[in-house]
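Asks: Here is my input; please provide its structure:
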Amino acid sequence: MQTTEGWFSRTGDVPGAPRLFYFPYAGGNPAAVLPWQQDLADSVELQVAALPGRGVRLFETPESDLDELVGRLADGIADRTDRPFAFFGYSLGALVAFEVARELRRRGLPGPMCLWAVGSEGPQTRSKKQRLHDLPDAEFIAALRDYSGTPTEVLDDAELAALLLPGIRADFAMNEQYSYRPEPPLELPIIVLRGSDDPFVEDGLTAGWARESTRPLQEHCFAGDHFFVEPHRAEIIDLVIGTITDLAANPYRALPARSFWRSAVAEPAPAEIAELWQPGFTLGPDDPIITAGSCFARELGRALLAAGLNFYDAELPPPGLSRAEQLARHYGEFSFRTGNIYTAAMLRQWLSWAVGESRPPAGSWAEGNRFVDGYRPSVEPAGYRSEPELLADRDRTLAAIRNAVGQARCLIFTLGLTEAWRDAVDGTEYPVCPGTVRGRFAPGRHVFHNAGFAEVYRDLTAALELAWSLNPELRVVLTVSPVPLTATATGGHALVASSYSKSVLRAVAGQLAADCDQVDYFPSYELITGVPFRAGFFEANLRTVSAEGVAFVLRHFLGAVCPELAGMPTPSTAGGDPACDDAVLDYYRTG
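Replies: You can find the predicted model right below:
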């Protein structure tokens with residue numbers, strides 16, 4: 001019994017079996033293919049694309065826009081990716097299957113294990129065909145007789161032909177108006193099936209499919225013309241079952257090249273290493289993007305602006321400040337003037353204050369007749385004239401946080417440290433040890449704390465929940481700063497302490513990305529510190545990331561989340577770490 005759900009028809013559910021999505025040739029009726037299920041038995045579940053204007057959807061308006069069709073089919077498949085699946089595209093269906101596979105990749109969704117391209121030339125190497133879709137009915141019907149794909153009795157019946165011709169014309173229109181758009185090859189096997197005497201596929205042009213896959217092309221030739229499949233149905237179904245069973249049984253067989261160290265890391269030149277990030281979303285030029293985090297993240301806002309994206313600065317400088325004065329007061333570094341937010345606890349603290357979950361203590365430090373904000377010790381170089389002035393300025397920052405988070409499409413937060421200094425009286429956390437950048441250290445009150453995985457995960461989860469209370473649709477990109485600790489208060493070796501801190505942060509960011517659909521992890525840490533880069537993106541102190549390194553990270557970020565920017569020059573960045581509060585700790589080293 002045929003059932004049609006949305007864009008696909010099937011004869012029944014085959015529990016637990018891999019799925020084969022079949023995309024018919026122009027004018028193809030799913031009902032002609034569904035009997036395959038009997039031969040596929042319980043090895044594979046067959047689902048055949050059911051297009052409007054064809055088969056059971058005959059009386060719906062046909063779709064003649066390939067991009068629109070591909071989007072609708074991808075929507076239908078997105079709900080059916082709970083099992084391994086493969087694509088089988090016949091003639092026009094091969095192009096449709098190919099473009100649907102690329103659309104699933106653009107969306108960051110699971111893709112097919114393999115793609116059968118049947119009776120079709122490669123997308124880039126298609127020969128010019130006669131234009132048929134806009135011919136008058138009589139000439140169009142004559143051309144269809146030559147194709148032999150439509151039964152003669154259908155073409156001879158004027159009423160039946162009148163019902164079927166709109167759908168067939170739409171299929172031919174999509175095929176004849178197809179325009180190839182270059183994209184990276186698919187990371188799956190492409191298997192070409194062709195007829196030995198196919199008049200509609202030129203010799204050698206099926207080999208064009210080799211350009212569309214990172215795997216060696218597989219090709220099988222069968223005796224016959226364009227409609228060779230049905231006479232060889234048993235042989236082809238055996239091939240389908242064997243291939244799908246083999247791929248589904250061995251999880252490594254269907255993995256992309258990026259999943260293997262040799263092909264992804266060891267063989268490419270470092271600058272050519274690609275696809276480290278497959279974000280679950282894209283950003284357009286009008287989508288507001290906000291940034292916060294450690295000093296490494298300060299480059300993002302400027303780069304996003306330079307790339308033509310909408311970096312949302314919610315706390316603009318007052319009139320009259322020179323550019324140098326704006327930079328000295330940390331305007332424009334992040335989307336709000338918090339200064340560096342190194343830890344998950346600090347992000348939670350700022351958001352808790354911003355949404356009114358808790359009230360910040362005064363946290364002011366007197367320096368002569370001026371006052372310093374202990375939670376933003378660098379934002380006002382000369383300090384404030386009074387504590388009320390300090391608190392009013394901080395309130396502006398809290399309002400900016402509410403505004404920025406509420407308006408943004410995406411928050412990029414860069415985790416920097418697990419080590420922090422806390423106030424034993426009120427439990428708040430400072431961005432840097434009191435008495436280093438500003439203020440005075442108070443033994444007993446200012447206590448050192450080094451957070452572990454569970455604590456960082458808890459604080460970061462709570463912070464994001466606060467952000468989502470302001471904006472439930474907010475996408476979050478977490479990343480870990482590759483900048484090592486300047487110094488560790490643990491008393492241990494700085495290298496070991498830095499490795500601990502970055503490992504915890506990396507593990508938490510990855511776990512949250514795995515646990516929450518609205519969170520992505522971007523590998524800036526790996527792009528700078530990874531083995532293939534051999535510390536080449538660090539300056540002589542092995543701590544400061546060079547301008548080239550920052551640009552390298554930004555190129556990967558922008559190319560993944562804004563595909564239209566791939567290949568464009570990366571905006572220049574300053575590099576260095578003049579805005580890192582903790583850089584001052586190096587002053588305290590001895591020897």
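Asks: List the buried residues for stretch 365-376?
Replies: Residues of stretch 365-376 classed as buried under the neighbour-count rule (16 or more other Cβ atoms under 10 Å) are 365, 370-376. Glycine gets a C-beta too; all of them are placed from N, C-alpha and C.
Asks: Mind picking the one among those that's closest to His330?
Replies: His330 lies nearest to Arg376 out of these, by Cβ to Cβ, at 7.9 Å.
Asks: distance of the closest one from Ile341?
Replies: Shown here: Arg376 relative to Ile341, a distance of 10 Å by Cβ to Cβ, to the nearest Å.
Asks: Then Pro268?
Replies: 35 Å.
Asks: More neighbours: the two, which one.
Replies: Ile341 (28 against 14; other Cβ atoms under 10 Å).
Asks: what's the domain layout of this structure?
Replies: Residue ranges for the domains of the chain, per automatic domain parsing: 3-126+184-259, 287-356+389-586.
Asks: which stretch among those comes nearest Phe281?
Replies: domain 287-356+389-586 (5.5 Å).
Asks: Just give me the neighbour total for Leu217.
Replies: 18.
Asks: try Asp65
Replies: 13.
Asks: tell me the contacts of it?
Replies: Met174 (Cβ atoms under 8 Å, 6 or more residues apart in numbering).
Asks: how near is it to Arg102?
Replies: Asp65 is 16 Å from Arg102, by Cβ to Cβ.
Asks: same check, this time on Pro185
Replies: As judged by Cβ to Cβ, Pro185 and Arg102 stand 10 Å apart.
Asks: repeat for Met346
Replies: 41 Å.
Asks: more crowded one of those two?
Replies: Neighbours around Met346 and Arg102, counted as other Cβ under 10 Å, are more numerous at Met346. The numbers are 26 against 20.
Asks: Identify the spatial nearest neighbour of that one, chain neighbours not counted.
Replies: Distances taken as Cβ to Cβ, 6 or more residues apart in numbering place Glu429 nearest to Met346, at 5.4 Å, with adjacent residues excluded.
Asks: Phi, psi for the one you found please.
Replies: Main-chain dihedrals, Glu429, degrees, to the nearest 10: phi -120, psi 140.
Asks: Tell me what it is bridged to.
Replies: Beta-bridge partners for Glu429, by DSSP bridges, are Arg422.
Asks: Contacts only, for the residue lying closest to Leu115 once chain neighbours are set aside.
Replies: Closest residue to Leu115 apart from its sequence neighbours, by Cβ to Cβ, 6+ apart: Phe87 at 4.5 Å. Residues near Phe87 by Cβ under 8 Å, 6+ apart: 20-21, 23, 97, 100-101, 112, 114-116.
Asks: Please convert the residues you listed to TSV, extending it with secondary structure.
Replies: TSV is the format used below for those (DSSP: H, G, I helix; E, B strand; the rest coil):
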residue	secondary structure
Leu20	strand
Phe21	strand
Phe23	strand
Ala97	helix
Val100	helix
Ala101	helix
Pro112	coil
Cys114	coil
Leu115	strand
Trp116	strand
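Asks: Among the buried residues of stretch 365-376, which one lies nearest to Ser196?
Replies: Distances from Ser196 to the buried residues of stretch 365-376, taken by Cβ to Cβ, are shortest for Arg376, at 75.3 Å.
Asks: How about the secondary structure of that closest one?
Replies: With three-state DSSP as the criterion, Arg376 reads coil.
Asks: Can you tell me the element the spatially closest residue to it that is not a sequence neighbour falls in?
Replies: Closest residue to Arg376 apart from its sequence neighbours, by Cβ to Cβ, 6+ apart: Gly339 at 4.7 Å. Following DSSP states H and E, there is no helix or strand that holds Gly339.
Asks: Thought Gly374 was touching Gly339, still the case?
Replies: No: counting by Cβ atoms under 8 Å, Gly374 is not a contact partner of Gly339; they are 11.1 Å apart.
Asks: Report the mean confidence score over stretch 225-234.
Replies: If you average the pLDDT over stretch 225-234, you get 92.
Asks: Give me the buried positions along that stretch.
Replies: Buried, per 16+ other Cβ under 10 Å, within stretch 225-234: 225-229, 232.
Asks: got it, and stretch 400-419?
Replies: Neighbour-count burial for stretch 400-419 [16+ other Cβ under 10 Å]: 400-405, 408-419.
Asks: Likewise for stretch 455-463?
Replies: Buried residues in stretch 455-463, counting neighbours by 16+ other Cβ under 10 Å, are found at 455-457, 459-463.
Asks: what's the average pLDDT for that stretch?
Replies: 98.
Asks: what's in contact with it?
Replies: Counting by Cβ under 8 Å, 6+ apart, residues outside stretch 455-463 touching it are 343-345, 347-348, 351, 415, 418, 451, 478, 504-505, 508-509, 511-512.
Asks: between the residues you listed, which is nearest Gln124?
Replies: Leu478 (37.7 Å).
Asks: low-confidence ranges in this structure?
Replies: 1-5, 53, 55, 58-59, 127-167, 253-254, 564-591 (pLDDT under 70).
Asks: Could I get the CA-only coordinates of stretch 401-417 as CSV?
Replies: The C-alpha atoms that make up stretch 401-417 are tabulated as CSV, following Å, rounded to 0.1, in the frame of the first residue of the first chain:
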residue,chain,number,x,y,z
ILE,A,401,24.1,44.1,27.9
ARG,A,402,20.3,43.8,28.0
ASN,A,403,19.9,45.7,24.8
ALA,A,404,22.7,43.7,22.9
VAL,A,405,21.6,40.3,24.0
GLY,A,406,17.9,41.1,23.3
GLN,A,407,18.7,42.3,19.8
ALA,A,408,21.4,39.9,18.7
ARG,A,409,21.1,36.9,16.4
CYS,A,410,24.4,35.5,17.6
LEU,A,411,26.6,35.8,20.6
ILE,A,412,30.3,34.9,20.2
PHE,A,413,31.8,34.2,23.7
THR,A,414,35.5,33.4,24.1
LEU,A,415,36.5,31.5,27.2
GLY,A,416,39.9,32.5,28.6
LEU,A,417,40.7,31.2,32.1
